[in-house]
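Participant: Based on what follows, work out the 3D shape:
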Amino acid sequence: MLSRIACVLVTFCLLLACPTDSYADSYADFLFAIRFNDAETVKNFLQQGIDVNSVEGERGETILMIALREKAMRVVDVLLHSPDIRVAARAKNGDTALMIASFLGNATAVSQLIDAGAEVNQPGWTALHYAAASGNAEVVAILLEHYAYIDAESPNKTTPLMMAARYGRAAAFQLLLDEGADPDLKNDKGMTALDFAIELERRDLIDILNARKTRSSSN
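Facilitator: Model (predicted):
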(Lines give C-alpha, C1' and ligand atoms only; values in the text may rest on other atoms or scores of the structure.)
Protein backbone atom coordinates (compact mmCIF):
# COMPACT_ATOMS: atom_id res chain seq x y z
CA MET A 1 0.00 0.00 0.00
CA LEU A 2 2.76 2.43 0.96
CA SER A 3 4.70 1.64 -2.20
CA ARG A 4 1.60 2.32 -4.29
CA ILE A 5 1.13 5.71 -2.59
CA ALA A 6 4.79 6.48 -3.17
CA CYS A 7 4.40 5.70 -6.88
CA VAL A 8 1.38 7.98 -7.12
CA LEU A 9 3.27 10.81 -5.42
CA VAL A 10 6.27 10.39 -7.72
CA THR A 11 4.02 10.43 -10.77
CA PHE A 12 2.24 13.56 -9.49
CA CYS A 13 5.56 15.33 -8.90
CA LEU A 14 6.74 14.48 -12.40
CA LEU A 15 3.56 15.88 -13.87
CA LEU A 16 4.12 19.10 -11.95
CA ALA A 17 7.73 19.30 -13.06
CA CYS A 18 7.04 18.99 -16.77
CA PRO A 19 5.10 22.24 -17.24
CA THR A 20 7.65 24.06 -15.10
CA ASP A 21 10.51 22.85 -17.25
CA SER A 22 8.52 23.62 -20.37
CA TYR A 23 7.81 27.15 -19.13
CA ALA A 24 11.48 27.70 -18.29
CA ASP A 25 12.46 26.64 -21.80
CA SER A 26 9.78 28.87 -23.32
CA TYR A 27 10.87 31.84 -21.21
CA ALA A 28 14.49 31.33 -22.26
CA ASP A 29 13.35 31.33 -25.89
CA PHE A 30 11.34 34.48 -25.17
CA LEU A 31 14.41 36.29 -23.83
CA PHE A 32 16.43 35.04 -26.80
CA ALA A 33 13.82 36.54 -29.15
CA ILE A 34 14.02 39.87 -27.31
CA ARG A 35 17.79 40.04 -27.57
CA PHE A 36 17.65 39.29 -31.30
CA ASN A 37 14.89 41.83 -31.93
CA ASP A 38 12.49 39.13 -33.15
CA ALA A 39 9.24 41.04 -32.76
CA GLU A 40 6.95 38.37 -34.22
CA THR A 41 8.21 35.67 -31.87
CA VAL A 42 7.88 38.02 -28.90
CA LYS A 43 4.33 38.85 -29.96
CA ASN A 44 3.50 35.14 -30.18
CA PHE A 45 4.85 34.47 -26.69
CA LEU A 46 2.81 37.35 -25.27
CA GLN A 47 -0.31 35.96 -26.92
CA GLN A 48 0.47 32.61 -25.29
CA GLY A 49 0.38 34.26 -21.87
CA ILE A 50 3.91 35.33 -20.94
CA ASP A 51 3.70 38.42 -18.72
CA VAL A 52 4.69 41.60 -20.57
CA ASN A 53 5.92 43.00 -17.23
CA SER A 54 8.16 40.03 -16.41
CA VAL A 55 11.26 40.86 -14.37
CA GLU A 56 14.57 39.26 -15.25
CA GLY A 57 18.06 39.06 -13.79
CA GLU A 58 19.86 40.27 -10.69
CA ARG A 59 19.13 43.89 -11.54
CA GLY A 60 15.40 43.23 -11.51
CA GLU A 61 14.89 44.82 -14.90
CA THR A 62 11.69 44.37 -16.87
CA ILE A 63 11.75 42.86 -20.33
CA LEU A 64 11.09 46.36 -21.69
CA MET A 65 14.32 47.54 -20.07
CA ILE A 66 16.18 44.54 -21.48
CA ALA A 67 14.84 45.28 -24.97
CA LEU A 68 16.03 48.89 -24.64
CA ARG A 69 19.52 47.82 -23.57
CA GLU A 70 19.67 45.39 -26.49
CA LYS A 71 18.52 48.17 -28.86
CA ALA A 72 15.72 45.83 -29.95
CA MET A 73 13.42 48.58 -31.15
CA ARG A 74 10.95 46.35 -33.00
CA VAL A 75 10.44 44.47 -29.74
CA VAL A 76 10.14 47.73 -27.80
CA ASP A 77 7.36 48.76 -30.17
CA VAL A 78 5.52 45.46 -29.59
CA LEU A 79 5.85 45.77 -25.81
CA LEU A 80 4.66 49.38 -25.73
CA HIS A 81 1.57 48.43 -27.72
CA SER A 82 0.63 45.82 -25.14
CA PRO A 83 -2.37 47.09 -23.12
CA ASP A 84 -0.94 45.73 -19.86
CA ILE A 85 2.55 47.24 -20.11
CA ARG A 86 3.69 49.17 -17.03
CA VAL A 87 6.11 51.77 -18.37
CA ALA A 88 6.71 53.22 -14.89
CA ALA A 89 8.04 49.94 -13.44
CA ARG A 90 11.38 50.24 -11.66
CA ALA A 91 14.44 48.03 -11.55
CA LYS A 92 16.02 47.20 -8.19
CA ASN A 93 18.21 50.30 -8.36
CA GLY A 94 15.22 52.55 -9.05
CA ASP A 95 15.80 52.99 -12.78
CA THR A 96 12.81 53.24 -15.09
CA ALA A 97 12.64 52.40 -18.78
CA LEU A 98 12.65 56.14 -19.56
CA MET A 99 15.81 56.67 -17.53
CA ILE A 100 17.55 53.80 -19.33
CA ALA A 101 16.47 55.06 -22.77
CA SER A 102 17.66 58.55 -21.83
CA PHE A 103 21.06 57.30 -20.70
CA LEU A 104 21.42 55.29 -23.90
CA GLY A 105 20.64 58.40 -25.95
CA ASN A 106 17.75 56.65 -27.68
CA ALA A 107 15.60 59.61 -28.72
CA THR A 108 13.05 57.45 -30.52
CA ALA A 109 12.48 55.28 -27.46
CA VAL A 110 12.30 58.31 -25.18
CA SER A 111 9.53 59.80 -27.31
CA GLN A 112 7.68 56.48 -27.48
CA LEU A 113 7.87 55.98 -23.73
CA ILE A 114 6.58 59.47 -23.00
CA ASP A 115 3.72 58.92 -25.45
CA ALA A 116 2.97 55.66 -23.61
CA GLY A 117 2.66 57.52 -20.31
CA ALA A 118 6.15 57.40 -18.79
CA GLU A 119 6.68 60.00 -16.06
CA VAL A 120 9.28 62.60 -17.00
CA ASN A 121 9.54 64.03 -13.48
CA GLN A 122 9.94 62.09 -10.25
CA PRO A 123 11.67 62.51 -6.89
CA GLY A 124 15.41 61.82 -6.88
CA TRP A 125 17.31 60.84 -10.01
CA THR A 126 15.42 61.64 -13.19
CA ALA A 127 15.60 60.87 -16.89
CA LEU A 128 17.04 64.36 -17.42
CA HIS A 129 19.97 63.57 -15.10
CA TYR A 130 20.66 60.46 -17.18
CA ALA A 131 20.34 62.28 -20.50
CA ALA A 132 22.71 64.99 -19.30
CA ALA A 133 25.23 62.38 -18.17
CA SER A 134 25.17 60.65 -21.54
CA GLY A 135 25.34 63.98 -23.35
CA ASN A 136 22.64 63.46 -25.95
CA ALA A 137 21.32 66.96 -26.56
CA GLU A 138 18.38 65.67 -28.62
CA VAL A 139 17.13 63.59 -25.69
CA VAL A 140 17.67 66.51 -23.31
CA ALA A 141 15.59 68.68 -25.64
CA ILE A 142 12.77 66.11 -25.85
CA LEU A 143 12.59 65.84 -22.07
CA LEU A 144 12.56 69.61 -21.64
CA GLU A 145 9.80 69.89 -24.27
CA HIS A 146 7.78 67.58 -22.05
CA TYR A 147 8.33 69.78 -19.00
CA ALA A 148 11.22 67.99 -17.36
CA TYR A 149 12.26 70.02 -14.31
CA ILE A 150 15.56 71.49 -15.43
CA ASP A 151 17.06 71.89 -11.95
CA ALA A 152 15.85 68.57 -10.55
CA GLU A 153 17.89 67.49 -7.54
CA SER A 154 19.08 63.95 -6.95
CA PRO A 155 19.25 62.61 -3.37
CA ASN A 156 22.68 64.28 -3.05
CA LYS A 157 21.36 67.49 -4.67
CA THR A 158 23.12 66.93 -7.99
CA THR A 159 21.38 68.69 -10.89
CA PRO A 160 21.34 67.70 -14.57
CA LEU A 161 23.70 70.61 -15.33
CA MET A 162 26.19 69.22 -12.80
CA MET A 163 25.92 65.80 -14.46
CA ALA A 164 26.68 67.30 -17.87
CA ALA A 165 29.69 69.08 -16.35
CA ARG A 166 30.86 66.02 -14.44
CA TYR A 167 30.91 63.91 -17.61
CA GLY A 168 32.13 66.68 -19.90
CA ARG A 169 29.05 66.79 -22.14
CA ALA A 170 29.41 70.18 -23.79
CA ALA A 171 26.34 70.09 -26.07
CA ALA A 172 24.00 69.03 -23.27
CA PHE A 173 25.68 71.51 -20.91
CA GLN A 174 25.15 74.40 -23.33
CA LEU A 175 21.54 73.44 -24.01
CA LEU A 176 20.69 73.20 -20.32
CA LEU A 177 22.19 76.63 -19.70
CA ASP A 178 20.37 78.12 -22.69
CA GLU A 179 17.09 76.70 -21.36
CA GLY A 180 17.59 78.26 -17.94
CA ALA A 181 19.48 75.80 -15.74
CA ASP A 182 20.90 77.48 -12.65
CA PRO A 183 24.72 77.17 -12.61
CA ASP A 184 24.99 78.49 -9.06
CA LEU A 185 23.20 75.59 -7.35
CA LYS A 186 25.34 73.38 -5.11
CA ASN A 187 25.20 69.68 -4.30
CA ASP A 188 25.51 68.37 -0.76
CA LYS A 189 29.31 68.66 -1.00
CA GLY A 190 29.04 72.33 -1.89
CA MET A 191 30.07 71.83 -5.53
CA THR A 192 28.60 73.78 -8.44
CA ALA A 193 28.65 72.90 -12.14
CA LEU A 194 31.71 75.14 -12.47
CA ASP A 195 33.51 73.17 -9.76
CA PHE A 196 32.93 69.96 -11.72
CA ALA A 197 34.22 71.60 -14.90
CA ILE A 198 37.34 72.83 -13.11
CA GLU A 199 37.91 69.42 -11.53
CA LEU A 200 37.81 67.81 -14.98
CA GLU A 201 39.91 70.60 -16.49
CA ARG A 202 37.23 71.17 -19.10
CA ARG A 203 38.24 74.53 -20.51
CA ASP A 204 35.32 74.49 -22.95
CA LEU A 205 32.74 74.23 -20.18
CA ILE A 206 34.50 76.85 -18.08
CA ASP A 207 34.49 79.21 -21.07
CA ILE A 208 30.76 78.60 -21.62
CA LEU A 209 30.03 79.57 -18.01
CA ASN A 210 32.34 82.59 -18.07
CA ALA A 211 30.77 83.83 -21.31
CA ARG A 212 27.34 83.50 -19.74
CA LYS A 213 28.41 85.47 -16.66
CA THR A 214 29.90 88.16 -18.88
CA ARG A 215 26.63 88.51 -20.81
CA SER A 216 24.63 88.60 -17.58
CA SER A 217 26.79 91.32 -16.03
CA SER A 218 26.60 93.48 -19.16
CA ASN A 219 22.78 93.39 -19.27
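Participant: Which parts of the chain are helices?
Facilitator: Applying DSSP state H to the chain gives helices spanning 2-35, 39-47, 63-69, 73-80, 97-103, 107-115, 127-134, 137-145, 160-166, 170-178, 193-199, 203-218.
Participant: For these, which has the smallest mean pLDDT value?
Facilitator: Comparing mean pLDDT across the helices of the chain, the lowest value falls on helix 2-35: a mean of 57.
Participant: one step back: for Asn121, which of the helices of the chain is the nearest?
Facilitator: Ranking the helices of the chain by distance to Asn121, with C-beta to C-beta as the measure, places helix 127-134 first at 8.4 Å. Yep, even glycine has a C-beta here, placed from its N, CA and C like the rest.
Participant: sorry, back to before: can you redo the helices of the chain as TSV with mean neighbour count and distance to Val87?
Facilitator: Shown next, in TSV, are the helices of the chain (neighbours: other C-beta atoms under 10 Å; distance: least, C-beta to C-beta, whole Å):
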stretch	mean neighbour count	distance to Val87
helix 2-35	12	16
helix 39-47	17	16
helix 63-69	24	7
helix 73-80	21	7
helix 97-103	27	6
helix 107-115	20	6
helix 127-134	27	12
helix 137-145	21	15
helix 160-166	29	21
helix 170-178	20	24
helix 193-199	20	31
helix 203-218	12	33
